[in-house]
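Q: could you work out the structure for the sequence below:
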Amino acid sequence: MKLIYIKGDFMPILYCRIGYMKYYKGQQIGVDEIRDGGSYNEKNIGHEVYNFENYDGKYYGYVQPDGPNNDDKSSNNLGIYNLGASKKDEYIDGVTVVWRALKSTNKTVIVGWYENARVYKSMQKVPKDVLDKRENKSKCEFNIYAEKAIIVPQEKRDFIIKVEDTMYGIIQIMKNYPMGNI
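A: This is a model prediction of the structure:
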């Protein structure tokens, strides 16, 4: 993965590829089932199924860590230092998280975003009061938290990210850190 670092004052942006759903408010057989998003979702239900479920103004997002991230050799961690955190930080605040998914063959679209999110280095446990509200109790981890989330209605998901239009193969990786500190 090649990263792009830009010096200046800005809110860091993290692009995350997840499985495709209509609402991301839990798996609903025959109504809203997750598809694509990686090999895990071929036989399992991905944790991202709840990324846009509102829990009293709080959102608990999930993206699968996809292996070692630069200096952090743990496969269970997000490379938050690419977003401006120091290596000792456990999280970074103020991140815009753009959620993207494969809508159809070769058509990756933006399905929504979190504003001013907290991105954790490692997985966190969903609070018990939130987990109690979920039908599927096994989806209990998150690594991105926000209080403002915007989901693009399915019929308006027409902002296509084409492979040839992206820098450094954004489609081939689960996460892309286009900005950070030098």
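
Q: what ranges do the strands span in this protein?
A: 13-18, 59-61, 91-104, 107-125, 141-146, 148-151, 160-161, 175-176 (DSSP state E).

Q: where does pLDDT dip in the protein?
A: 1-10, 37-42, 44, 66-76, 137-139, 162-182 (pLDDT under 70).

Q: mind doing that once more with 50?
A: 1-7, 69-71, 163-177, 179-182 (pLDDT under 50).

Q: could you check how far the nearest residue to residue 108 once chain neighbours are set aside is from residue 80?
A: Among residues not flanking residue 108 along the chain, residue 161 sits closest, at 4.7 Å (C-beta to C-beta, 6 or more residues apart in numbering). For the C-beta atoms, the positions are set from N, CA and C on the backbone; glycine is no exception. Distance, residue 161 to residue 80, by C-beta to C-beta, to the nearest Å: 23 Å.

Q: what about the two, which has more around it?
A: residue 80 (27 against 17; other C-beta atoms under 10 Å).

Q: pretty sure residue 97 is touching residue 148, no?
A: No: between residue 97 and residue 148 there is no contact under C-beta atoms under 8 Å: 10.6 Å.

Q: who has more neighbours out of those two?
A: residue 97 (27 against 11).

Q: specify the beta-bridge partners of the more buried one.
A: Residue 97 forms beta bridges with residue 14, residue 114, as assigned by DSSP bridges.

Q: just list the residues touching it, thanks.
A: Taking C-beta atoms under 8 Å, 6 or more residues apart in numbering, we find residue 97 in contact with 13-14, 16, 61, 113-114, 117, 119, 144, 146.

Q: pick the one among these closest to residue 135.
A: residue 61 (18.0 Å; C-beta to C-beta).

Q: you'd agree the closest one is up against residue 143?
A: Yes: contact criterion C-beta under 8 Å: residue 61 and residue 143 qualify, at 7.3 Å.

Q: pretty sure residue 109 sits against residue 154.
A: No: Residue 109 lies out of contact with residue 154 (C-beta under 8 Å); the separation is 9.6 Å.

Q: more crowded one of those two?
A: More crowded of residue 109 and residue 154, by other C-beta under 10 Å: residue 109, with 19 against 14.

Q: out of the strands of the chain, which gets nearest to residue 30?
A: strand 91-104 (19.2 Å).

Q: gap between that closest one and the chain center?
A: A distance of 4 Å separates the centroid of the chain from that of strand 91-104, by C-alpha atoms, centre = their mean, to the nearest Å.

Q: check stretch 14-29 too.
A: Averaging C-alpha positions (C-alpha atoms, centre = their mean) puts stretch 14-29 9 Å from its chain's average.

Q: same thing with stretch 141-148?
A: 9 Å.

Q: output that stretch as PDB, nothing but the C-alphas.
A: Only the C-alpha atoms of stretch 141-148 are listed here, as PDB (Å, rounded to 0.1, in the frame of the first residue of the first chain):
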ATOM      1  CA  GLU A 141     -16.300  -5.200  18.100                       C
ATOM      2  CA  PHE A 142     -15.700  -1.800  16.600                       C
ATOM      3  CA  ASN A 143     -12.700   0.300  15.800                       C
ATOM      4  CA  ILE A 144     -14.300   3.600  14.700                       C
ATOM      5  CA  TYR A 145     -16.700   5.700  16.800                       C
ATOM      6  CA  ALA A 146     -18.700   8.800  15.700                       C
ATOM      7  CA  GLU A 147     -21.600  10.900  16.800                       C
ATOM      8  CA  LYS A 148     -22.400  12.100  13.300                       C
END
